[in-house]
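# Have a look; sequence and predicted model below, questions after that.
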Amino acid sequence: MKRAILLLSLAVAVASVRPASAQSDIGFKAIGGSIAFVNVENLDGTVGLGVFADIGHVAPQITLHPVIEYWSKSEEAFGAKASARDISLGCRGEYEFVVNNPKVHPFAGAGLGLHFVNTKATISMPGFPDQTAEASDTKLGLDLGGGISTPIGPKNDFRAEMWYGIVSDVGQFALRVGISHRLGM
């Protein structure tokens, strides 16, 4: 009896998984690059760069986008130099809204990222050796955002996005524009 219940449970589990896998379409669909204005908590705004990929649908309207993003900011005043940088590796799930206009594709998303944050400060005073302090930390961040995508050619899309990264001590808001290139079509 226990064996029959176990086999029946396994059959129901396999049957329920089958439709979900039929709807997924995983594989490299597009690659792209972006540039951003990044406003970092406790720092002035700076420029950021990024690369991303579209690795397909995990559900009918949800796509996965791995991202690598970078920003750096340096300031100098009164003999002191300070710099901060962040290199993040993450993946975002984007929900594509259905709209009547086939040329505009709005989306909203969320994702997780590892942020490799480095800060450095140097104080220079005449007659004394420079004093330098440096710290590196790896932090987990949550990204929330959205934007639009629109075709600009047979294989290229323009993307405009807003993302807010919730990261301890370096929360960041980014306005990002980019171009993606579809592969294999």
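That came through, no problem.
# all contacts plus neighbour counts: C-alpha atoms, from now on.
Will do.
# Need the pLDDT of residue 78.
Per-residue pLDDT puts residue 78 at 85.
# any idea how far it lies from residue 125?
Using C-alpha to C-alpha, to the nearest Å, residue 78 is found at 9 Å from residue 125.
# more crowded one of these two?
residue 125 (11 against 8; other C-alpha atoms under 10 Å).
# All the strands of this structure, residue numbers only.
With DSSP state E as the criterion, the chain has strands at 25-40, 46-59, 62-77, 80-96, 105-123, 131-151, 156-166, 172-182.
# Is it possible to get a markdown table of the ones you listed that adds mean neighbour count?
A markdown table is the format used below for the strands of the chain (neighbours: other C-alpha atoms under 10 Å):
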| stretch | mean neighbour count |
| --- | --- |
| strand 25-40 | 18 |
| strand 46-59 | 19 |
| strand 62-77 | 18 |
| strand 80-96 | 19 |
| strand 105-123 | 18 |
| strand 131-151 | 16 |
| strand 156-166 | 19 |
| strand 172-182 | 20 |
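# Where does pLDDT dip in the protein?
1-23, 185 (pLDDT under 70).
# Find the nearest non-adjacent residue to the residue nearest the centre of it, please.
Nearest to the geometric centre of the chain sits residue 67, at 4.5 Å (C-alpha atoms, centre = their mean). Nearest residue to residue 67 in three dimensions, chain neighbours excluded: residue 52, at 4.4 Å (C-alpha to C-alpha, 6 or more residues apart in numbering).
# re earlier: mind listing what the residue nearest to the centre of the chain touches?
Neighbour list for residue 67: 50, 51, 52, 53, 88, 89, 90, 91, 92 [criterion: C-alpha atoms under 8 Å, 6 or more residues apart in numbering].
# at 7 Å what do you get?
51, 52, 53, 89, 90, 91 (C-alpha atoms under 7 Å, 6 or more residues apart in numbering).
# Identify the bridge partners of it.
Residue 67 has these beta-bridge partners by DSSP bridges: residue 52, residue 90.
# With residue 107 instead?
Beta-bridge partners of residue 107, as defined by DSSP bridges: residue 96, residue 147.
# Next up, the contacts around it.
Residue 107 neighbours (C-alpha under 7 Å, 6+ apart): 94, 95, 96, 97, 146, 147, 148.
# Of those residues, which is the nearest to residue 161?
The closest of the contacts of residue 107 to residue 161 turns out to be residue 147 (C-alpha to C-alpha; 4.1 Å).
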